[in-house]
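# coordinates only, sequence not included:
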């Protein structure tokens, strides 16, 4: 069971990652977040962002009605720039 579900709707990955960063901060270390995302780049971008920041990508959520991906929030993750989720702060 996730600690938090974020519905990204039809947002592009850049906007999803900016929004996700806020949720990660609120959820705190160890929390599992499920991100619902329809952007076809999500299965590539989310694991790459997790690798860059230090969060743990847990993969696609099996049995979800919509495309959903899971990650675990790291305690010592790297922050990214506020409007540029691909740039470490």
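In hand now; what should we look at? It should be emphasised that the depicted structure is a prediction, and the values quoted were computed from it without experimental measurement.
# And the lengthiest helix in the chain, what's buried?
Using DSSP state H to define each element, the chain has its longest helix at helix 13-27. Neighbour-count burial for helix 13-27 flags 13, 16, 17, 18, 19, 20, 21, 24, 27 (criterion: 16 or more other CB atoms under 10 Å). To be clear about C-beta, it is placed using only N, CA and C from the backbone, and glycine gets the same treatment.
# Wait, the third one touches residue 45, no?
It stands for residue 17. Yes: using CB atoms under 8 Å, residue 17 makes contact with residue 45 at a distance of 7.1 Å.
# ok, now how distant is the residue nearest the centre of the chain from residue 29?
In the chain, the C-alpha nearest the mean C-alpha coordinate belongs to residue 20, at 5.2 Å (CA atoms, centre = their mean). For residue 20, the distance to residue 29 equals 15 Å [CB to CB, to the nearest Å].
# Just give me the neighbour total for residue 9.
Around residue 9 there are 13 other residues, counting by other CB atoms under 10 Å.
# go on, residue 56?
Residues lying near residue 56 (other CB under 10 Å) number 16.
# what's near enough to touch the residue lying closest to it once chain neighbours are set aside?
Using CB to CB, 6 or more residues apart in numbering and skipping the chain neighbours, the partner closest in space to residue 56 is residue 72 (4.1 Å). By CB atoms under 8 Å, 6 or more residues apart in numbering, the contact list for residue 72 reads 30, 31, 32, 33, 55, 56, 58.
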